[in-house]
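K.L.:
sequence and predicted structure below; questions after.
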Amino acid sequence: MSSHEHHAGNPSFNELVYAVVRRIPRGKVATYGQVAALAGRPRNARFVGFALHANPQPGVIPCHRVVFRDGSLAPGFAFGGPDRQRALLEEEGVRFIPPAAGRDNAGDGGWRVDLDRCQWQA
DNA sequence: GCAATGACCTGCT
DNA sequence: CAGCAGGCCATTG
């Protein structure tokens, strides 16, 4: 499998990221660093997000299941709003933790995913 | 081919 | 607990 990768397809980090994200089971979430590690580049967590923004297959790649290391969601660049992403994840059975008890939440700026329960493990 | 960017991560204040 | 800064490396123009 070494002298064959010259014909078609660019086995770039991007393609690997899509493959990993697509393998995330419903009701679970993975962090950018984890996807990067599974893609073979634990230090390239930044490009995981870049990869999803570069060519996200709408309806094919569940990018909404990819969250930060601390459980927070991507600001603005989400599929139309972090609140939208939170709704999708919560509907899939993902557990969420409120920012603070009794404090006015600014949208989802404080909502974090319970990675202790819903982080996907390969 | 070079330079700049970036949906992050970690540590410290 | 929350906010700020720097660093890592691949992709784009």
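P.N.:
Received, thanks. Keep in mind it's a predicted model, so treat the numbers as computed, not measured.
K.L.:
when you work out contacts or count neighbours from here on, use the C-alpha atoms and nothing else.
P.N.:
Will do.
K.L.:
give me the pLDDT value at residue A:120.
P.N.:
pLDDT for residue A:120: 95.
K.L.:
neighbours of it, just the number please.
P.N.:
Residues within reach of residue A:120, counting by other CA atoms under 10 Å, total 19.
K.L.:
other residues contacting the helix or strand of chain A with the lowest mean pLDDT?
P.N.:
Taking mean pLDDT, DSSP states H and E as the measure, helix A:82-92 is the helix or strand of chain A with the lowest mean score, a mean of 86. Outside helix A:82-92, the residues within contact range by CA atoms under 8 Å, 6 or more residues apart in numbering are A:26-27, A:64-65, A:73-76, A:78-79, A:96, A:107-108.
K.L.:
where is pLDDT lowest across these?
P.N.:
Minimum pLDDT for those is recorded at residue A:107 (52).
K.L.:
one step back: so which bits of the least confident helix or strand of chain A are buried?
P.N.:
A:82-83, A:85-86, A:89 (16 or more other CA atoms under 10 Å).
K.L.:
export it to PDB, keeping only CA atoms.
P.N.:
The C-alpha trace of helix A:82-92 is given here as PDB (Å, rounded to 0.1, in the frame of the first residue of the first chain):
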ATOM      1  CA  PRO A  82     -24.000  27.000  19.300                       C
ATOM      2  CA  ASP A  83     -27.500  26.700  20.700                       C
ATOM      3  CA  ARG A  84     -28.400  24.700  17.600                       C
ATOM      4  CA  GLN A  85     -25.500  22.400  18.200                       C
ATOM      5  CA  ARG A  86     -26.400  22.000  21.800                       C
ATOM      6  CA  ALA A  87     -30.000  21.100  20.800                       C
ATOM      7  CA  LEU A  88     -28.800  18.400  18.400                       C
ATOM      8  CA  LEU A  89     -26.400  16.800  20.900                       C
ATOM      9  CA  GLU A  90     -28.900  16.900  23.700                       C
ATOM     10  CA  GLU A  91     -31.500  15.300  21.400                       C
ATOM     11  CA  GLU A  92     -29.100  12.500  20.700                       C
END
